[in-house]
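Engineer: Mind looking at a prediction? Sequence and model below.
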Amino acid sequence: MGTALITGASSGLGLEFAKQLAREGNDIVLVARNAQRLEQIADNLRGENGVKVEVLPADLATREGAEVVAHRVASTQRPIGLLVNNAGFGLGQDFIGGKLTKELDALHVMVEAVLITCHAAAKEFSRRGYGGIINVSSAASVTAQGTYSAHKAWVSTFSEGLATDLKGTGVNVTCVTPGLIHTDFHNRSQVDATQWSEFSFTTPDVVVRDALQACSEGKVLTTPTPLYKFAVGLGRLAPRWLVRRFAGPGLSGRGPHVINPEMAGINREKHE
């Protein structure tokens, strides 16, 4: 098997990517800020799966951190077969009243770092003729809810363009646009997850399986679960004035707000 590099690997979706890929026999490179946490995860993955696990602490909110990861992605001595750009966070603040430094950190992590690492991966992967890139976007990418939505919309559009650029090179690019997921994302963002009903959520294992399957099949865009396939499709087709109306006031920049399936009139029994 190959080696997968995963950003934001210390928890949530990133950790689930690491677990599933390790179970399939892939070696893993874990990227996050918390080196101690990464070492614990690495020990568990090695013990449970017998794979090689490398820890690469990096702060993707800095240019230096992103370039450290890009350098590892481009290595020819220890080649990476799959890049998973998963790192991200909800801002937990309104744009106007919030801190500009936090807005810039989010921009660096969810846009600039994705661009830098994908540039390195695209050059090296296309040169050798194989590889995969998975960029984690969000169902929020089709809404109008502040900078988080804007960052994720950029990820989706960029991924489509990159897939077009790499067509015929043997390199697959997949962008996954999940909805609400049961992780600690909302707690870290200081967002009350109880505002959404339970049926609006999915689990990390479902999202990761969908993303890995889509990448292996060469799909450029994928949205896990019928519920959010419908919601994201609706968001893409709806008039923008209607999308803005559903976004509502006071939500700008808060992060994990996505199309609410209940507001969209989706029936659980029909679409799950």
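Structural biologist: Received, thanks.

Engineer: which ones are touching residue 10?
Structural biologist: 30, 32-34, 37-38, 41 (Cβ atoms under 8 Å, 6 or more residues apart in numbering). (C-beta placed from N, C-alpha, C; glycine too.)

Engineer: and with 7 Å instead?
Structural biologist: 32, 34, 37-38, 41 (Cβ atoms under 7 Å, 6 or more residues apart in numbering).

Engineer: could you flag which of those residues are buried?
Structural biologist: 32, 37-38, 41 (16 or more other Cβ atoms under 10 Å).

Engineer: Please, where are all the strands along this structure?
Structural biologist: 3-7, 27-32, 53-57, 82-85, 131-136, 171-176, 180-181, 201-202, 221-222 (DSSP state E).

Engineer: So which of those strands is nearest residue 69?
Structural biologist: The minimum distance between residue 69 and these falls on strand 27-32, with 5.6 Å, by Cβ to Cβ.

Engineer: Compute the inter-axis angle for the closest one and strand 3-7.
Structural biologist: Going by axes from the mean of the first three to the mean of the last three Cα atoms, to 10 degrees, strand 27-32 is angled at 10 degrees with respect to strand 3-7.

Engineer: ok, residues contacting strand 27-32?
Structural biologist: 3-10, 18, 21-22, 38, 41-42, 45, 51-56, 58, 69, 72, 80.

Engineer: now those residues: which count as buried?
Structural biologist: Buried among the contacts of strand 27-32 by 16+ other Cβ under 10 Å: 3-10, 18, 21-22, 38, 41-42, 45, 51, 53, 55-56, 58, 69, 72, 80.

Engineer: which stretches of the stretch 51-200 of the chain aren't confidently modelled?
Structural biologist: In the predicted model of the stretch 51-200 of the chain, residues 182-200 satisfy pLDDT under 70.

Engineer: which of the strands of the chain sits most buried?
Structural biologist: Across the strands of the chain, averaging neighbours per residue (mean count of other Cβ atoms under 10 Å) puts strand 82-85 on top, at a mean of 28.

Engineer: What count of nearby residues applies to residue 128?
Structural biologist: Here the number of neighbours of residue 128 (other Cβ atoms under 10 Å) works out to 13.

Engineer: Return the distance of stretch 66-79 from the chain's centre.
Structural biologist: 19 Å (Cα atoms, centre = their mean, to the nearest Å).

Engineer: in it, what's buried?
Structural biologist: Taking 16+ other Cβ under 10 Å as the criterion, stretch 66-79 shows 66, 68-70, 72-74 as buried.

Engineer: export the residues you listed to JSON lines and tack on distance to residue 101?
Structural biologist: Output for the buried residues of stretch 66-79, formatted as JSON lines (distance: Cβ to Cβ, whole Å):
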{"residue": "66", "distance to residue 101": "17"}
{"residue": "68", "distance to residue 101": "21"}
{"residue": "69", "distance to residue 101": "22"}
{"residue": "70", "distance to residue 101": "23"}
{"residue": "72", "distance to residue 101": "27"}
{"residue": "73", "distance to residue 101": "27"}
{"residue": "74", "distance to residue 101": "30"}
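
Engineer: ok, those vs residue 140, which is closest?
Structural biologist: Closest to residue 140, out of all of the buried residues of stretch 66-79 and judged by Cβ to Cβ, is residue 66, at 22.4 Å.
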